[in-house]
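Visitor: how would this look folded up:
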Amino acid sequence: MVLSTDGSSEAQAYTAGLLTREVVTYAPGGTEISNTKVFNAAGLLTSETQLHADLTKDVFLSNLTGRSYVAEHNSYDGNGELEFANQTNLDGSHIQTAYQIGQTLVSTAGEADTFKSYAADTFVFISGFGRDTVTKFHAGSGNGHDTLWLDSAQVSNFVEIQSHMTAIGSDTLVSLSPADSILLKNVQIASLKLENFHFIDHGLFHV
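Guide: Take a look at the predicted model:
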């Protein structure tokens, strides 16, 4: 273990000469408490846990085998309850699921993401996001409604976005470009209100 005068430390564990675990503990008073990495027998990183000062944490799993996905990011609140999960599939697409109210899920550039809402969630789409799907979307302006954050370089107001909507059976397809679209499952066009959309200047886009 290596200790620093500011109170931070770094510890590593080895098996047969290969690094298997690394724990960095940060100096008190910062925004982070620790970062823990675990490696497999081949020396590949399999998990990384970032523990924040407010006791929330992010867990990143990688190089997964025997599953339908190869990586996963799980975010937990200060009580250890899962907030959202983001799984990366073999083909590069993602499945993002909200497990608590009020989550912010960001579309992966150029990939097909499938989102599952919990309630009062925000879904962020920057131009070039690809062809995505949102399930369990809460349309309307009532309590718990969901919101799509859209790049104003593609569409800039509610009147304009309505011209980009197409009914496909019980679903609504929002087409923003030949490459970018959002399929809202089991959502009727008439149920979508101004409150379900937020338009962000492309140059200022952040979450």
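
Visitor: below-threshold pLDDT in this structure: ranges please.
Guide: The model of the chain has pLDDT under 70 over residues 205-207.

Visitor: what sits closest to the residue positioned nearest the centre of it if chain neighbours are left out?
Guide: Nearest to the geometric centre of the chain sits L105, at 4.2 Å (CA atoms, centre = their mean). Closest residue in space to L105, ignoring its immediate chain neighbours: Q96 at 4.6 Å, by CB to CB, 6 or more residues apart in numbering. No exception for glycine: its C-beta is placed from N, CA and C like everyone else's.

Visitor: who does that neighbour form a beta bridge with?
Guide: Using DSSP bridges, the beta-bridge partners of Q96 come out as N86, F115.

Visitor: any idea how far apart the tips of stretch 142-155 sit?
Guide: 24 Å (CA to CA, to the nearest Å).

Visitor: what comes up buried for it?
Guide: For stretch 142-155, the neighbour count (16 or more other CB atoms under 10 Å) marks 145-155 as buried.

Visitor: one step back: how about the residue nearest to the centre of the chain: which residues does it bridge to?
Guide: F123.

Visitor: before we move on, the earlier item: can you tell me which of the buried residues of stretch 142-155 is closest to I189?
Guide: L148 (13.7 Å; CB to CB).

Visitor: now do the same contact list for the closest one.
Guide: With contact taken as CB atoms under 8 Å, 6 or more residues apart in numbering, L148 is in contact with 123, 125, 134, 174, 182, 196-198.

Visitor: so G30 touches D54, yeah?
Guide: No. Using CB atoms under 8 Å, G30 makes no contact with D54, being 11.6 Å away.

Visitor: and the buried residues of stretch 142-155, which of them are in strands?
Guide: 147-151 (DSSP state E).

Visitor: quick revisit: could you dump the contacts of L148 to JSON lines with neighbour count and secondary structure?
Guide: Converted to JSON lines, these look like this (neighbours: other CB atoms under 10 Å; DSSP: H, G, I helix; E, B strand; the rest coil):
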{"residue": "F123", "neighbour count": "26", "secondary structure": "strand"}
{"residue": "F125", "neighbour count": "25", "secondary structure": "strand"}
{"residue": "V134", "neighbour count": "26", "secondary structure": "strand"}
{"residue": "V174", "neighbour count": "24", "secondary structure": "strand"}
{"residue": "I182", "neighbour count": "25", "secondary structure": "strand"}
{"residue": "N196", "neighbour count": "21", "secondary structure": "helix"}
{"residue": "F197", "neighbour count": "18", "secondary structure": "strand"}
{"residue": "H198", "neighbour count": "13", "secondary structure": "strand"}
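
Visitor: right, I'll leave it there.
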